[in-house]
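Student: sequence and predicted structure below; questions after.
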Amino acid sequence: MSDPFESSRRKIAWAKKNLANLNRRIDKFFQQKNLYTVFSEPDPHNSQHLTTKMRLIKKFPEGLSELTGNIVDDLRSALDHGFFGIAALGKPTTKRLNAQFPFSSDTAHFENNLRGRCKDVPVELWSLLHSYQPYKGGRE
């Protein structure tokens, strides 16, 4: 049997490459001169204080949000691929396996995902998955 985690490792490797690229681009951006202005304004909660702020006057380079999204997508996908690898080790078969990471926005969806998307993942991992908290945010 080939390495069941090869695709997961590739996803992580791509995420690392993209993260290094993102860091280089961010570092280059912040090395510029005249990047921001500093100003003060009254504190809205205490009129006797001033709040000092800075405002960027140059736009972030194009593509940073897309690159960040690619990193997140690769890491999320690596979890799915890893769970598939775990299921494949436990149930070597030619049929399609239900083995994805049970991303969920709340506990009810988590339980449904666990019984559906993860039904071929060894039950011994379910207690570990129950220790994670659902994340309600972003696009789901």
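Tutor: Received, thanks.
Student: can we go C-alpha only for contacts and neighbour counts from here?
Tutor: Noted.
Student: now do the helices in the protein.
Tutor: 6-30, 64-90, 107-116, 126-130 (DSSP state H).
Student: may I have the predicted confidence score for Gln48?
Tutor: Model confidence at Gln48, expressed as pLDDT, equals 91.
Student: in space, what's closest to it - neighbours in sequence excluded?
Tutor: Leaving aside its sequence neighbours, Gln48 sits nearest to Pro42 (Cα to Cα, 6 or more residues apart in numbering; 7.6 Å).
Student: partner residues bridging that neighbour?
Tutor: Beta bridges link Pro42 to Leu50 when assigned by DSSP bridges.
Student: what is the burial count for it?
Tutor: If you count neighbours by other Cα atoms under 10 Å, Pro42 ends up with 12.
Student: got a list of what it touches?
Tutor: Counting by Cα atoms under 8 Å, 6 or more residues apart in numbering, Pro42 touches Gln48, His49, Leu50, Thr51.
Student: just put those residues in CSV and tack on distance to Leu79 and neighbour count.
Tutor: Shown next, in CSV, are the contacts of Pro42 (distance: Cα to Cα, whole Å; neighbours: other Cα atoms under 10 Å):
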residue, distance to Leu79, neighbour count
Gln48, 51, 8
His49, 48, 12
Leu50, 46, 13
Thr51, 43, 12
